[in-house]
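> got a sequence here, can you model it:
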Amino acid sequence: MRPHGPAFKALRQAQHLSLRALQGATGIDRRYLSRLERAEVNAIEADRADALAGALGVPTAAITDEGDPAVTAVITEAIEIPVAAGDDELTRYSPEDVAGKKWLPWSARKIRELVYARKIYAHTDGGRITFTREDVRRTSALGAIEPFHKPTA
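Numbering: from 1, shown residues only. Here you go, the predicted structure:
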């Protein structure tokens with residue numbers, strides 16, 4: 001499986017877990033976990049991916065690029081973005097629009113930084129950063145977590 005480092009890192013940080021705590025919960029070396037977050041690992045074994053997903057309380061597809069379309073659909077449907085009159089799925093929003101509507105929990109400046117670092121979904125057509133409602137849903141899904149449950153031995 002191909003790991004998705006930024007999604008894994010976002011999930012870990014959202015649960016306020018250190019790499020050391022995650023190592024204790026999964027038995028996976030924290031140096032390997034750090035390399036995984038930085039996308040320096042090209043493939044992850046299924047048992048390691050399952051252990052990480054279990055410790056984070058998410059489906060395995062949430063931390064790999066082989067995302068199950070059914071899982072993605074369930075996650076994106078849970079995020080409601082109000083539709084204004086005349087709006088449609090193809091309308092593009094600027095970082096200021098997204099921050100002003102509070103669709104994402106960051107300022108416009110932070111949103112731009114995250115786009116430049118390729119940590120959130122966006123479009124950069126013609127050198128301008130824009131978002132569709134689907135981009136906002138997918139970005140919000142990166143932080144969707146369940147409570148942490150330590151795996152039983």
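> beyond the worst-scoring helix or strand of the chain on mean pLDDT, next helix or strand please.
Ranked by mean pLDDT, DSSP states H and E, the weakest helix or strand in the chain is helix 69-77, scoring a mean of 42. For helix 69-77, the succeeding helix or strand toward the C-terminus, using DSSP states H and E, is helix 95-100.
> chain center to that following helix, what's the gap?
Relative to its chain's centre, helix 95-100 lies at 19 Å (CA atoms, centre = their mean, to the nearest Å).
> so which bits of it are buried?
P95, V98, A99 (16 or more other CB atoms under 10 Å). To be clear about C-beta, it is placed using only N, CA and C from the backbone, and glycine gets the same treatment.
> got a markdown table for these, with distance to I28 and pLDDT too?
Shown next, in a markdown table, are these (distance: CB to CB, whole Å; pLDDT from 0 to 100):
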| residue | distance to I28 | pLDDT |
| --- | --- | --- |
| P95 | 36 | 95 |
| V98 | 35 | 92 |
| A99 | 36 | 91 |
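> ok, so of the residues you listed, who is nearest V136?
V98 (6.3 Å; CB to CB).
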